[in-house]
Structures are given as C-alpha cells and as structure tokens.
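Participant: Fold the following and give me the result.
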Amino acid sequence: MELKVKRIHKDAKLPLYQHKGDAGLDLFSSVDCVLEKGEVKPVPTGIQVAIPERYVGLVWDKSGISLKGVHRMAGVIDSGYRGEVRVVMVNLGDEPFVIEKGMKIAQLLIQPVTEVKVVESKGLEETSRGEKGFGSTGKY
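Facilitator: Here you go, the predicted structure:
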C-alpha cells in the first residue's frame, strides 16, 4: 500500500519508519516553537497526506516526548481529509517544552476502518461484565 504525501513547506520532512517492523511513521515539526506548561497548541508538519479509502491515520505519542509530560491530543486523520497534518500537543510537564524544526513530534499509524450499520435497540444482550467500568477489574 502507498501513502501519498505532499510537501507544502520546502523544509518539511516526509513521514518515515525508523526501524523495520515499526507500527508508526514518525511525524516531524516543520517549525520551531515553544509549548508552555499547560499549553495546547497545533504543531504543523508541513505535509498533506492522502490516507487510502477504508483506512484511517491515527496520530500517537512518541514515548520519549511523553516521558517529559508532552502528549498529542486529537489524533484521527480521515481518508477524505487533504489539509495540512497538524499535531495538537499539550504540555502537562513542569517546564516549557522546546520543539525544533525537524524534530519528531508524533507517530502516524495507518489502520483499516470497519464501517458499521447503526441499529437502534431497545435492549442489549447481557454480558458477565455488564456496566462495570473504570477500575472494575481491581488493582492486582
């Protein structure tokens, strides 16, 4: 499968797999910027992508950045979207986070999409879990 990518900033870096077998393609910042403590900011990548039909692009954190308290927020690129890929980032750390042009800021996973038919129901079949949610499986 091919992922068509268009550079819209001359210095933009194309997404790339760092190692054979990696699930995610690294995405790179196309600008220098600072993410202040508590700030949410869309960071441009300088690229547009054409996600194939029946697939979705999922934007995920880079583990090294996450360890510093910086995470991505919104993370879905639909197959019909043709605008610039921007990574919405939040700094939950204790200090400003410097993003340099060309720095890896997130990773892009390309996954198949299953379209479902939504059917309204008056009831749902019972399961052993039922309505048990957050923390319901216990600590250990």
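
Participant: Contacts only, for the most centrally placed residue in the chain.
Facilitator: Computing the C-alpha centroid of the chain and ranking residues by Cα atoms, centre = their mean puts V59 first, at 1.3 Å. In this structure, V59 makes contact with L27, R72, A74, G75, V76, I77, V85, V87, A106, Q107, L108, L109, judged by Cβ atoms under 8 Å, 6 or more residues apart in numbering. Every residue, glycine included, has its C-beta placed from N, CA and C.

Participant: of those residues, closest to T127?
Facilitator: V76 (27.5 Å; Cβ to Cβ).

Participant: That closest one bridge partners, please.
Facilitator: L58 (DSSP bridges).

Participant: ditto for K104
Facilitator: Beta-bridge pairing for K104 (DSSP bridges): F28.

Participant: Tell me where the chain has strands.
Facilitator: For the chain, the strands defined by DSSP state E cover 4-7, 25-28, 33-35, 40-50, 55-60, 70-72, 76-77, 84-91, 97-99, 104-112.

Participant: sorry, back to before: just the pLDDT for the residue nearest to the centre of the chain.
Facilitator: On the pLDDT scale, V59 is placed at 98.

Participant: Now do the same for stretch 42-51: mean pLDDT, whole number.
Facilitator: Average pLDDT, stretch 42-51: 98.

Participant: oh sorry, the question was meant for stretch 108-123
Facilitator: 96.
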